[in-house]
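Asker: predicted model follows, preceded by the sequence.
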Amino acid sequence: MRWCLALLICAFVATVNALSSSGSRLLVVLDETTEKSTYSTLWSDLEARGYDLSFESPKSDKLSLFEHGERAYDHLLILPPKSKGLGPSLTPKHIVDFLNKDGNIVLALSGKSSTSSAVSSLLLEVDIHLANDRSAVVIDHFNYDTISAAEKHDVLLLQRSTPLRPDVKAFFDGEGVLALPRVAPQTLGSDSQLLAPILQAPATAYAYNPKEEIPSPDDIEATGSQLNIVSALQARNSARFTVLGSVEALEDKWFSASVKAPNGKKVPTVNREFARQLTGWTFKETGVVKVGKIEHHLATEGEVAAEDLNPKIYRIKNETVFRIEVSEYSFDKWVPFEVPAEDALQLEFTMLSPFHRLALQPISRTETSTVFGTQFVTPDQHGIFSFRVNYKRPFLTNIEEKHEVTVRHFAHDEYARSWAISGGWVWIAGLWAVIGGFLAFVIVWLYSAPTVNKVKKTQ
Amino acid sequence: MAESSLDVLLKGSSGQRTRGLLRIIIILTIAAAAVASRLFSVIRFESIIHEFDPWFNFRATKYLVENGFYSFWDWFDDRTWHPLGRVTGGTLYPGLMVTSGVIYHILRLLTIPVDIRNICVLLAPGFSGLTALAMYLLTCEMSTSPSAGLLAAAFMGITPGYISRSVAGSYDNEAIAIFLLVFTFYLWIKAVKNGSIMWGALAALFYGYMVSAWGGYVFITNLIPLHVFVLLCMGRYSSRTYIAYTTWYALGTLGSMQIPFVGFLPIRNSDHMAALGVFGLLQLVAFAEFVRGFLPGKQFQKLLTSMVLLTFGLGFAGLVLLTVSGVIAPWSGRFYSLWDTGYAKIHIPIIASVSEHQPTAWPAFFFDLNFLIWLFPAGVFLCFQKLNDEHVFVIIYAVLSSYFAGVMVRLMLTLTPIVCVAAALALSSVLDNFLVMSKPTAETQAKANAKDAKIYGKMKNPVVGIYSYFSKAFVTGSLTLYLLIFVAHCTWVTSNAYSSPSVVLASRLPDGSQMIIDDYREAYYWLRQNTPDNAKIMSWWDYGYQIGGMADRPTLVDNNTWNNTHIATVGKAMSSREEVSYPILRQHDVDYVLVVFGGLLGYSGDDLNKFLWMVRIAEGIWPDEIKERDFFTARGEYRVDEEATPTMKNSLMYKMSYYNYQSLFPAGQAVDRVRGVRLPAEGPQLNTLEEAFTSENWIIRIFKVKDLDNLDRDHSNAVAFEKGIKRKRATKKKGPRVLRTE
C-alpha cells in the first residue's frame, strides 16, 4: 500500500515536471530521418518544453502506438509520408484507438503531394473532409507572399484568428503574419459538435489543383472561409486531434522567413510562435480544465461536519449548497479557472430534464483553483436527481460531472402540525365540539333520569 | 369390556369431553396436514421465495427488519422506478411485512435465531393452518352438525384453490389475507348473531388488519353492507344488526384509514360508498323503528314512504354530484373490468396483460376445487332451508364470489372459502343422514312415537330416516371414495402445478431424471457481482421485483405498475428502432438491458411472446409512433422468421433476442423452438448495445448500453469502422450545400 502511494506521488511529480498536463512522450512519425533536419527548430523547441521525442519511420517494424494494450506514447505528431499510406502500424483504426485512449495527435498534411487514402478515410471518421482529388491547394489572389509565390499565389499570408465566439477563450491569437505554403484545405462536417476551426482561409481563397482544369461550378465543394487551414477535433474524452493543412509552415525555412503581402511591407513570419501555440494546445499545455473537489450539503450556519458532506439523500424543499473547484492548466502550472465574461458555468439539478439551471458564481479562490458555488431549494418533486455540471466549450477540455442524489418525500413526522395550520382550526374546533357535545350528552343522560324513578318508587 | 370402557369415554359428560379432545386433535391434524402439503416446493427445490411479487415483499421485509418500523413507514425507495423513485412506505399494504417482522422479533426475543427468509418462506403455510381453524369456527356458526366445521376445515386446508397462493415461498399478501378474510367473516357472523359490540369491535379490528394486508379488503367492505342491506330488504331489521354494523363500520373505517396507502379512500372512493350508504340507511331504519313506537300505523306508513323516497333521492343526487365534481373518485379501471371482461383489453392494456386478470377457464373450477364444486350448490340450497341471518350471508357471498371468480382467475381465491363452507354443509348433512342415524328398534320407535306424539302429531309417518344398511353403506362408501379421490387430486395438483417457484424451472430429461434450469438466478447473480452498485437495469416490468430482490440493482419499471407512462416508455424503447431507443435509454441512465428469451429451450414465457403487450401499452401513449399493426404481416400473422415485418425485425426486442443466435447452429439452420420457426440466415445487427451476458440456456440475455461514440459518430458507423468496412464518401446530395457556421 505504502509503495503504491509512493509510486503515485512519483508519477504525480513526474507529470508536474513535464510541461504538458498529460505526459511527455512524443512520437514523431517521419518518412525519412534525413527529413528530420528540415524541422530542427521545431524539435529543439519541443524538447526545450520538456518533451521526450522519438522519431520513427512509418515503415519501421518497431513502430507501435501501443505496448501491452496501453499507450506507448502520450502524443503523436504525424508528418505526411512520401509513400502512399502510413503503413500497417498506423492504420486509421490504430489512430482512432490512440485517440480513444486519451492520446493527442497532430496530423500535418501537405498540398505538395496528394494525401493518402488511409489518412483521408481517417479524417472522414471524424467528419473532416478533404478536397475531392486530395491534392488541391488553397490559393488566394489577395493574401499571398509576393516574394516566394509571385506566380502561383499558393503561399498564404494570414493573421492569426481571433476567437469565433465571444464565450471562447483565445488560444491562437497574437500579432504578426503567418506564412502557410501550399495548404491542403479541409472542410468540416456541418453538424459535428466536436470539431472547431483553428484557422480558416480568407473569404477570397479557393481550392484548386494546379495539375487539373478548373472544375465546373457544380463540383466546387467549398470556398472562402468554409475552407479550413488548421482544424481541431476534441473527442468526448478530451483527446485532441489537430489537422494542419501545411506541413511546410513548420519548416525551419518558414520559421525565420520574411514575407511581403501584395500591398504591404516586408515582415518576419510568426510561424514559430504559432507552432508553439498549436502543439501546446494539442498536447494539452493549454486549454485543460480540471475539476477538483465537489461538495454539496444542506445549507447550514457555520461549518459543515464531515459526515454531513455530500449526503446521498435530500428531502424535497431542502435548502442546498453546491460547490465545485475548477483549475485550469496554463503551460506549466495550474491556475484558477476563470469563466469568460460572456459565458457562465452552470449547474443543473436534473431528473429526466433539468428542474434548476443555475449559474455558478466564483466564491473563493485558492492558489491553483477557483471555487464556484450556488445555493438553491430542491424542487417539490421526489425522485433520483443528479447535480450536473456540463461545460463543453471549443478548445477547452470537457467538464462533465454527474452526481446522483435521492430526493425523498416528507417523512410522517416532518409535516407541520395541525394546530400550526390556520386552515385546520375549523376542523379542530369541530372535533372538540363533537367530543364536548358527546360528553355533555352523557352527563345529562346519566344524571337526569333517576329522579323520575325515585318519585315513582316512593309513590 | 371394550364396549363398556368405550362407553365411559363416549357417553355422558366425559363423552362430551372426549369429543372435545378428539375435535381438537382433529383440528390440529388438519392444520398440520395443511402446512405439510404446502412444503412440496421446499423439499423439491429449496427454501426460496417464489415468483415475482413475493420478491418485493421479501425485500421490503428485509428493509423493515434492518431499519425498523418508522423508517419503513417513511421509506423512499430509490432503487425502483428510476429516476422517479417510489414512496414505498406509503404505497404498500404493510400487514404482511409487519407480521413477519413481529414474528422475527418474537423469535429473536425467545433466543431462537431464524433467518428472516425462512420466516417469509414459511409464513403462508403457517397461516394456512390458522385459516383451517378460522374455517372451522365460521362453519360451526352455520350448522349445528358437529362434522360440518371439521369437514370445512379439512377442505380449506388442502383445496388447491387456496394452495395455489399459499405454498411455502409464496410470500404474497394473500398468504395472510385469506385467513383474515375468513376470520373477519366469522367475527361478523358472531356479531350479527349476538348483537354484541365486542364481537363487532373484534370484527372491525380484524378488518383493519385485513386492510393493512391486502387490497382485496374491498370485498369485505362491500359484502358486509350487502348482507345488512339484504337483511333490511327481507324485513329482518333488528337491534342486533344495528349494533353489529354500526360498530363494525365506525371502528373499521377509522382503522382502515390509518393505512397510508388507503388514507381517505373510504370516504372518497366509489368502491367504499356502499358501506357508507348502508350505514346511513341503517340509521334511518333505526329512526323509523323508533318513530313507529310513537305513531299510529297509517301516518307512519306515509312518513316512511316519503322519507325513504326523499333520502334516496337526496343521497343519489349527492353521490352523482360529488362523483361528477371529482370529490369522490370514479370507479377504478380494475372495478370496471370486473363487469365488462373486454374493458381492460381496450382501455387499460396494462391490466389485461397480467395473466391472472384473465377470465377463468371452466376446467379451472374443477381443477382447483374438485368435487367441492358440485357440492357447492347443494350447500347453498341447504342454506335456503334454514335461512337465518348467517345463511343469508353465505348465499350472498356464494353468488357474488361465483361471479367474480368467473371474471378473473385470481378471484378464485375468494370463492374458495365459501365453497368449502357450502360443501361442508352439504356433505355433513348427507353424512348425518346416512351415517349417524341408527335403525330404530321397535321400542325406541314406540317410545319416539309416544314421546314425540305432540310434536309429530300431525305427521302420518313420524320417524323419518334411512335405515337400510345397503343404502347407508353405498352412500357413505361412495362419499368416502370421493373424499379419497379429493385428497389424491389435491396432493397431485399441489405437487405438480402449484409448487414450482418459477424462479427455478424443473424439467425432465429423456431418461426421467430431473434437470434444474437455474438461468434466472445465474443472470441475477451475474448482475449482482459484475455491475456497479447503481447500474440501472431496464427490463420488462415482470422482472423488476426479481431484479430488485435478487440482483439488488435499480430498475426502471417493476411489478408495482403505478405509472403507465413509465412502463410505456420502456415498451417504446423495446419496440422501436435502435436510433429511437438509444436516446430513451440515455435519458433514463440505463446501463444494462435485460431480456428473457426462450427460443433455445422452448420456454414459452419469454419476452417475444409478451412483446405485443409492450407494443400495445406503448401505442396507448404514442399512437403515432408505435403501431401494433406494423408488427403483423400483411396476412395478419405475428411472425419472427424471414417473413417478419421490417418494424419487427428492426425493433430492439427482436434484435436483442436473436443477436448472435444463429451462431449456435449450422449456417441457415437457426430454429426458434418456442415459436417453431426457422430464422433468417443472417442474424440482426446491434449497434448501440453490446452483449454483456447470456445465461446457460439463453433464457436471460443482458446487454450493455454503449456510451456515446468518442468521436461523435453514429454507432452504426462506429461499428462498421471497427469491423473494417470502409466508409464511402457521402454522395452528393441534391439541393444547396449546408454551410458550417460556428
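Answerer: Received it, and whenever you're ready, just let me know what you need.
Asker: for the residue of the stretch 301-450 of chain B found nearest chain A, what are its contacts?
Answerer: Proximity of the stretch 301-450 of chain B to chain A (Cβ to the nearest Cβ) peaks at B:V327, 16.3 Å away. Backbone N, C-alpha and C define where each C-beta goes, glycine included. By Cβ atoms under 8 Å, 6 or more residues apart in numbering or on different chains, the contact list for B:V327 reads B:R268.
Asker: can you classify it by secondary structure?
Answerer: Three-state assignment for B:V327 (DSSP: H, G, I helix; E, B strand; the rest coil): coil.
Asker: contact residues of the stretch 51-200 of chain A facing chain B?
Answerer: A:92-93, A:96, A:99-100, A:121, A:124-127, A:129, A:164-165, A:187-190, A:192-194, A:196-197 (Cβ under 8 Å from any Cβ of the partner chain).
Asker: out of those residues, name the ones that lie in helices.
Answerer: A:92-93, A:96, A:99-100, A:121, A:124-125 (DSSP state H).
Asker: tell me where the stretch 51-200 of chain A has helices.
Answerer: A:92-100, A:117-125 (DSSP state H, counting those that start in this stretch).
Asker: in JSON lines: these, plus mean neighbour count and mean pLDDT.
Answerer: Converted to JSON lines, these look like this (neighbours: other Cβ atoms under 10 Å in any protein chain shown; pLDDT from 0 to 100):
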{"stretch": "helix A:92-100", "mean neighbour count": "20", "mean pLDDT": "91"}
{"stretch": "helix A:117-125", "mean neighbour count": "20", "mean pLDDT": "86"}
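Asker: hang on, B:R23 packs against B:S147?
Answerer: No: the pair B:R23 / B:S147 is not scored as a contact, 10.1 Å apart, by Cβ atoms under 8 Å.
Asker: the more surrounded of the two?
Answerer: B:S147 (18 against 15; other Cβ atoms under 10 Å in any protein chain shown).
Asker: distance of the residue nearest to that one when sequence neighbours are not counted relative to B:G477?
Answerer: The spatially closest residue to B:S147, leaving aside those adjacent along the chain, is B:S428, at 4.3 Å (Cβ to Cβ, 6 or more residues apart in numbering or on different chains). B:S428 sits 17 Å away from B:G477, going by Cβ to Cβ, to the nearest Å.
Asker: between these two, which one's more packed in?
Answerer: Per other Cβ under 10 Å, whichever of B:S428 and B:G477 has more neighbours is B:S428, with 25 against 11.
Asker: surely the more buried one and B:M142 touch.
Answerer: No: contact criterion Cβ under 8 Å: B:S428 and B:M142 do not qualify, at 9.9 Å.
Asker: in contact with B:G406, which residues are there?
Answerer: B:359-360 are the contacts of B:G406 under Cβ under 8 Å, 6+ apart.
Asker: correct me if wrong, but it is in a helix.
Answerer: Yes: residue state for B:G406 (three-state DSSP) corresponds to a helix.
Asker: returning to that earlier point: nearest to B:F206, of the ones in helices among the residues of the stretch 51-200 of chain A next to chain B?
Answerer: A:N100 (65.5 Å; Cβ to Cβ).
Asker: off-centre distance for stretch B:675-689?
Answerer: 37 Å (Cα atoms, centre = their mean, to the nearest Å).
Asker: and the contacts of that stretch?
Answerer: B:578, B:581-582, B:585, B:593, B:599, B:608-609, B:639-642, B:649, B:652, B:654-656, B:658-663, B:667-672, B:703-706, B:714-716, B:718-719.
Asker: make a ChimeraX selection of whichever of the residues you listed turn out to be buried.
Answerer: Listed next is the ChimeraX selection for buried residues among these, using 16 or more other Cβ atoms under 10 Å in any protein chain shown:
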select /B:578,581,582,585,593,599,608,640,652,654,655,656,658,659,661,662,670,671,672,703,704,705,706,715,718,719
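Asker: and the gap between B:L205 and chain A?
Answerer: Separation of B:L205 from chain A (Cβ to the nearest Cβ, to the nearest Å): 22 Å.
Asker: typo on my end, it should be B:W199
Answerer: Distance from B:W199 to chain A, by Cβ to the nearest Cβ: 23 Å.
Asker: quick check, pLDDT for that residue.
Answerer: pLDDT, B:W199: 95.
Asker: same check, this time on B:F335
Answerer: 68.
Asker: how about the one 10 residues further on?
Answerer: In the predicted model, B:K345 carries a pLDDT score of 67.
Asker: now B:T253
Answerer: B:T253 is assigned 94 on the pLDDT scale.
Asker: hmm, it is touching B:M273, no?
Answerer: No: in this structure, B:T253 is not within contact of B:M273 by Cβ under 8 Å, at 12.0 Å.
Asker: any common contacting residues for these two?
Answerer: Common neighbours of B:T253 and B:M273 (Cβ under 8 Å, 6+ apart) do not exist.
Asker: in chain B, which spans are strands?
Answerer: B:505-508, B:514-517, B:536-538, B:590-596, B:671-672, B:677-678, B:689-694, B:700-705 (DSSP state E).
Asker: from the contact counts, what lies against the fourth one?
Answerer: Same thing as strand B:590-596. With contacts defined as 3 or more Cβ pairs under 8 Å, 6 or more residues apart in numbering or on different chains; DSSP states H and E, strand B:590-596 has these neighbours: helix B:519-530, strand B:536-538, helix B:652-658, strand B:700-705.
Asker: same thing with the second one?
Answerer: Counting by 3+ Cβ pairs under 8 Å, 6+ apart, the packing neighbours recorded for strand B:514-517 are strand B:505-508.
Asker: quick one: average pLDDT of the strand it packs on?
Answerer: 80.
Asker: what about whichever residue of the stretch 201-350 of chain B sits closest to chain A, how many residues nearby?
Answerer: Using Cβ to the nearest Cβ, the single residue of the stretch 201-350 of chain B nearest to chain A is B:P260, 7.8 Å away. By the measure other Cβ under 10 Å, the count of residues near B:P260 is 15.
Asker: A:E301 now?
Answerer: 5.
Asker: separation between it and chain B?
Answerer: From A:E301 to chain B the distance is 26 Å (Cβ to the nearest Cβ).
Asker: for that residue, what is the enclosing helix or strand?
Answerer: Under the criterion DSSP states H and E, no helix or strand holds A:E301.
Asker: do A:A433 as well
Answerer: Counting by DSSP H and E, A:A433 is part of helix A:425-448.
Asker: what does A:L233 give?
Answerer: strand A:228-234.
Asker: quick one, what contacts A:F142?
Answerer: Contacts of A:F142 (Cβ under 8 Å, 6+ apart): A:202, A:204, A:262.
Asker: try it again at 10 Å.
Answerer: Counting by Cβ atoms under 10 Å, 6 or more residues apart in numbering or on different chains, A:F142 touches A:153, A:156-157, A:202-205, A:261-263.
Asker: quick one: low-confidence ranges for chain B?
Answerer: Within chain B, the segments meeting pLDDT under 70 span B:1-11, B:328-335, B:337-338, B:341, B:344-345, B:436-466, B:727-737.
Asker: domains in it, by residue range?
Answerer: Per the record, chain B has its domains at B:2-343, B:524-722, by automatic domain parsing.
Asker: same check, this time on chain A
Answerer: If you go by automatic domain parsing, chain A breaks into A:2-282, A:288-408, A:425-458.
Asker: which of the helices and strands packed on strand B:590-596 sits closest to chain A?
Answerer: Among those, strand B:536-538 sits nearest to chain A (Cβ to the nearest Cβ), with 9.3 Å.
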